[in-house]
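Trainee: quick one, structure for this:
(one chain, ligands or ions: 1)
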Amino acid sequence: MEVARAGKDSAALVFHQMAEIHREAISEGFLSSLGERFLTGLYRHLSGMEEAFAFVAEEEGRVLGFIVGALDTGSVYRSYARMGGLTAILNLAPKLLSPRRIARVMETVLYPGRKRDDGLPEPEILNFCVRSDQQGKGVGGALFHTLCTEFARRGVGEIRIVTGEGQVSAQRFYEAKGAVFAMKTEVHHGTASRVYTYQITRDA
Ligand SMILES: CC(C)(COP(=O)(O)OP(=O)(O)OC[C@H]1O[C@@H](n2cnc3c(N)ncnc32)[C@H](O)[C@@H]1OP(=O)(O)O)[C@@H](O)C(=O)NCCC(=O)NCCS
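Mentor: Down below sits the predicted model:
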């Protein structure tokens, strides 16, 4: 297995597999409900950005899992709006016909502003998934280590990690790595999330 940075020149199949893994590993999540086409575009844009950094674990061309981090989520959203906003809206239009879905999009868009005053670190893990048939084999550990090394290289001393209340495998993973529970929050109304902080060591 090899962990490598995904970039704008990565093969289209890489972004497609990231979307597929996202939908499989976080099937109940709001972003999964927006469909594979939207997610494929999202990961293509995130991988091509200066503001975000995505790493994939691959074996013989098969993506086993991926992790995405950012120094400033607000600037990632702004960059996404500039790069892919129109395409995203066109892709999403048929899926945005319910008030609940529109509310969820708005909650997602407003998230960076809402977290600004909570006193926790700004850099964060935007997403982290391993194929279900590959979990528990160290793939996540290798991805997490690579991302922490990238954060350390960029001078980050501490990050935040937001997990859904039901994402128990992720909570156990982060707790095993030494992340500290900081608070409960609701990114989406009525859906509880747990926020952790994690110290990045220089030799990450
Ligand atoms: C969180 C996740 C990415 C971890 O990836 P992984 O490849 O399974 O992780 P690893 O095999 O490297 O596990 C490392 C440690 O995490 C802990 N861990 C991982 N999954 C666990 C689980 N289901 N239950 C308990 N502990 C778990 C263990 O301590 C493990 O160490 P060990 O193997 O020495 O016991 C993966 O479980 C996943 O994709 N979950 C679903 C998606 C998700 O919730 N993402 C979080 C978004 S923030």
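Trainee: contacting residues for whatever residue of the chain ends up closest to the ligand?
Mentor: In the chain, the residue that lies nearest the ligand is Gly140 (2.2 Å; Cβ to the nearest ligand atom). Bear in mind the C-beta positions are built from the backbone N, C-alpha and C, glycine included. Taking Cβ atoms under 8 Å, 6 or more residues apart in numbering as the definition of contact, the neighbours of Gly140 are Gly65, Ile67, Phe128, Val130, Phe173.
Trainee: can you rerun that using 7 Å?
Mentor: Gly65, Val130, Phe173 (Cβ atoms under 7 Å, 6 or more residues apart in numbering).
Trainee: determine the set of other helices and strands touching the longest helix along the chain.
Mentor: Using DSSP state H to assign secondary structure, the helix with the most residues in the chain is helix 73-92. Contact analysis of helix 73-92 by 3 or more Cβ pairs under 7 Å, 6 or more residues apart in numbering; DSSP states H and E lists helix 36-48, helix 99-115 as its packing neighbours.
Trainee: the last one to helix 73-92, inter-axis angle?
Mentor: When you say that, I think you mean helix 99-115. Regarding helix 99-115 and helix 73-92, their directions subtend 170 degrees when assessed with axes from the mean of the first three to the mean of the last three Cα atoms, to 10 degrees.
Trainee: pull out the buried positions in helix 99-115.
Mentor: By neighbour count with 16 or more other Cβ atoms under 10 Å, helix 99-115 contains the buried residues Arg104, Val105, Glu107, Tyr111, Pro112, Lys115.
Trainee: for the spatially most central residue of the chain, give me phi and psi.
Mentor: The residue lying closest to the centre of the chain (Cα atoms, centre = their mean) is Asn127, at 1.7 Å. Summarising the backbone geometry of Asn127 under the convention degrees, to the nearest 10, its torsions are phi -160, psi 160.
Trainee: out of the contacts of Gly140, who's near the ligand?
Mentor: Restricting the contacts of Gly140 to those adjacent to the ligand (criterion: Cβ under 6 Å from any ligand atom) gives Val130, Phe173.
Trainee: in a markdown table, list the buried residues of helix 99-115 along with distance to the ligand and pLDDT.
Mentor: Listed next are the buried residues of helix 99-115 as a markdown table, based on distance: Cβ to the nearest ligand atom, whole Å; pLDDT from 0 to 100:
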| residue | distance to the ligand | pLDDT |
| --- | --- | --- |
| Arg104 | 17 | 75 |
| Val105 | 19 | 71 |
| Glu107 | 17 | 74 |
| Tyr111 | 14 | 73 |
| Pro112 | 16 | 74 |
| Lys115 | 15 | 73 |
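Trainee: quick check: angle from the host helix or strand of Ala57 to helix 36-48?
Mentor: For Ala57, the element it lies in under DSSP states H and E is strand 52-59. Our comparison of strand 52-59 with helix 36-48, counting by the same axes, to 10 degrees, yields an angle of 110 degrees.
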